[in-house]
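Colleague: Could you look at this predicted model? Sequence included:
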Amino acid sequence: MFERALGEDGAVLRPLEPWRAEEFVAHMDRGREFVGRHIGLADAVRDVASGRAFLQSYAEKAASDTGRIYGIWTAEGTLVGGVLFRTMDIAQGTAEAGCWLEPAAVGRGLVTRAARVIIDWAVEERGVHRVEWLVAAANEPSIAVARRLGMVRDGVLRESYARGGVRHDMEVWSVLAPEWRAARPG
């Protein structure tokens, strides 16, 4: 089984697969309101059946090399968040990364560390040239992650996203493979 340590605190990153649907839903239940402030994941995953279907869609994306999803677990073995490639187009060399986290895990750098792992994999193993990060303009923590990852703000898609009956601006952030490599330590 694939598992990647995320630092000395014992947190790990591993694929979030359909057989983990119950654990995924329990995690979502703990963070539903917090996660749902800016992204639709909290609405998409309401019960074990919808959680399994969501994870199955990513298993199919992984099989077709068009997306991936990974969970972040604490040293105690609790699923607390995740990172993903919502889309991947290997022929074009592009991928869209994203994240979510439940409130109990905020402020530990888990998302930044996990995103570094998957972006490094996409650039070095899959040959991705451009990794994008689309984020609601009001989602300051996610914007902070994009900055810590060395991404550049490309622009704003004004009122491009409807959530909760309100139109929201989306910011587009990105990092290019040469920038990613140049910013790596060592």
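Modeller: In hand now; what should we look at? Residues are numbered from 1 along each chain as shown.

Colleague: Off-centre distance for the helix or strand containing Arg86?
Modeller: Using DSSP states H and E, Arg86 maps to strand 79-89. Centroid displacement of strand 79-89 relative to its chain, using Cα atoms, centre = their mean, to the nearest Å, is 4 Å.

Colleague: And for stretch 92-99?
Modeller: That offset, for stretch 92-99, works out to 10 Å (Cα atoms, centre = their mean).

Colleague: what's the answer for stretch 122-132, then?
Modeller: For stretch 122-132, the distance to the chain centre is 15 Å (Cα atoms, centre = their mean).

Colleague: can you give me the end-to-end distance of it?
Modeller: End-to-end span of stretch 122-132 (Cα to Cα, to the nearest Å): 12 Å.

Colleague: and it, which residues are buried?
Modeller: Within stretch 122-132, the residues that count as buried by 16 or more other Cβ atoms under 10 Å are 122-123, 128, 130-132. No exception for glycine: its C-beta is placed from N, CA and C like everyone else's.

Colleague: Listing partners with orientation, what would you give for the strand holding Arg86?
Modeller: strand 68-73 (antiparallel), strand 94-101 (antiparallel) (DSSP bridges).

Colleague: Nearest to Gly31, out of these?
Modeller: The closest of the strands paired with strand 79-89 to Gly31 is strand 94-101. By Cβ to Cβ, the value is 7.2 Å.

Colleague: how big is the angle separating the helix or strand immediately after the closest one in the chain from strand 79-89?
Modeller: For strand 94-101, the following helix or strand on the C-terminal side (DSSP H and E) is helix 110-124. For helix 110-124 against strand 79-89, the angle by axes from the mean of the first three to the mean of the last three Cα atoms, to 10 degrees is 30 degrees.

Colleague: in helix 110-124, what's buried?
Modeller: 110-116, 118-119, 122-123.

Colleague: how distant is the helix or strand bottoming out on mean pLDDT in the chain from the center of its chain?
Modeller: Lowest mean confidence among the helices and strands of the chain (mean pLDDT, DSSP states H and E): helix 41-44, at a mean of 90. The chain centre lies 14 Å from the centre of helix 41-44; the measure is Cα atoms, centre = their mean.

Colleague: which residues are in contact with it?
Modeller: With contact meaning Cβ atoms under 8 Å, 6 or more residues apart in numbering, helix 41-44 is reached by 28, 31-33, 35-36, 50, 54, 100.

Colleague: Among those residues, which ones are in strands?
Modeller: Trp100 (DSSP state E).

Colleague: Many thanks, have a good one.
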